[in-house]
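Engineer: What would the 3D arrangement of this be:
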Amino acid sequence: MGTAAQQVRQKGPVLGECAVIFVTVGSHYQGFDRLIKKMDEIAGKIDEKVIMQIGHTSYKPVNAKYFDFVEDFGKIQELNRDARVVVSHAGAGSILTALKLETPVIVVPRLKKYNEHMDDHQLEIAEAMSSIKGVVAVNDVQEIEQHLQENLTLVSVPKDHDLKSSLKRYLASIS
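Structural biologist: Alright, predicted model coming up:
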């Protein structure tokens, strides 16, 4: 394990335990096996706790705690708030939740070629959001582990910056 990864882990005690990585795939009806399998593989190699919201994904993690969905959005907010980093699909709601709680986020877009979505609009969302400090867009799941080892900076969104309005304008521009 590299020095950078050790430093990040030392900064990340959460809830009296080792650092937490929260993975979320949202509520889209197509699974996101590619992301969940990769994060499960990573979870088996690191000393951080990994908790995954897997939605409709058919793969069931063996190295991480997971759940499909929760009724109480407060639980999702709590997981985002307690995480050292959130690894998320490129769903606007999931990204905005992490940003609102000033948690760094690694955004992995669902891709049409893997049957994860009906089109590739998440590529555009990931690219647009990656201009915000604390958001890293990753198109290839093989790069996630490298980014998890970086000392990701907490998001600091200026008070006058309205993320929802910005995202709505962006989405309107591509539709």
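
Engineer: tell me the helices in the protein, going along the chain?
Structural biologist: If DSSP state H is used as the criterion, the helices of the chain fall at 3-10, 33-43, 73-82, 92-100, 121-129, 144-148, 163-174.

Engineer: Show me how far the fourth one is from its chain's centre.
Structural biologist: Just to be clear, that refers to helix 92-100. A distance of 9 Å separates the centroid of the chain from that of helix 92-100, by C-alpha atoms, centre = their mean, to the nearest Å.

Engineer: Pull out the buried positions in that helix.
Structural biologist: Along helix 92-100, the positions that meet the burial threshold by neighbour count (16 or more other C-beta atoms under 10 Å) are 92, 94, 95, 96, 97, 98, 99. C-beta coordinates here come from the backbone N, C-alpha and C atoms, glycine included.

Engineer: Put the alpha carbons of that helix into CSV.
Structural biologist: Extracted in CSV, the C-alpha atoms of helix 92-100 (Å, rounded to 0.1, in the frame of the first residue of the first chain):
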residue,chain,number,x,y,z
ALA,A,92,-27.7,14.1,-10.9
GLY,A,93,-29.4,13.4,-7.6
SER,A,94,-26.6,11.2,-6.3
ILE,A,95,-23.9,13.6,-7.3
LEU,A,96,-25.8,16.6,-5.8
THR,A,97,-26.4,14.8,-2.5
ALA,A,98,-22.6,14.2,-2.1
LEU,A,99,-21.8,17.8,-3.1
LYS,A,100,-24.4,19.2,-0.7
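
Engineer: quick one: it to helix 121-129, angle?
Structural biologist: Here helix 92-100 runs at an angle of 20 degrees relative to helix 121-129 (axes from the mean of the first three to the mean of the last three C-alpha atoms, to 10 degrees).

Engineer: so what does helix 92-100 touch, helix or strand wise?
Structural biologist: With contacts defined as 3 or more C-beta pairs under 8 Å, 6 or more residues apart in numbering; DSSP states H and E, the secondary structure elements packing on helix 92-100 are helix 73-82, strand 85-89, strand 105-108, helix 121-129, helix 163-174.

Engineer: what about 6 Å?
Structural biologist: Judged by 3 or more C-beta pairs under 6 Å, 6 or more residues apart in numbering; DSSP states H and E, helix 92-100 is in contact with helix 163-174.
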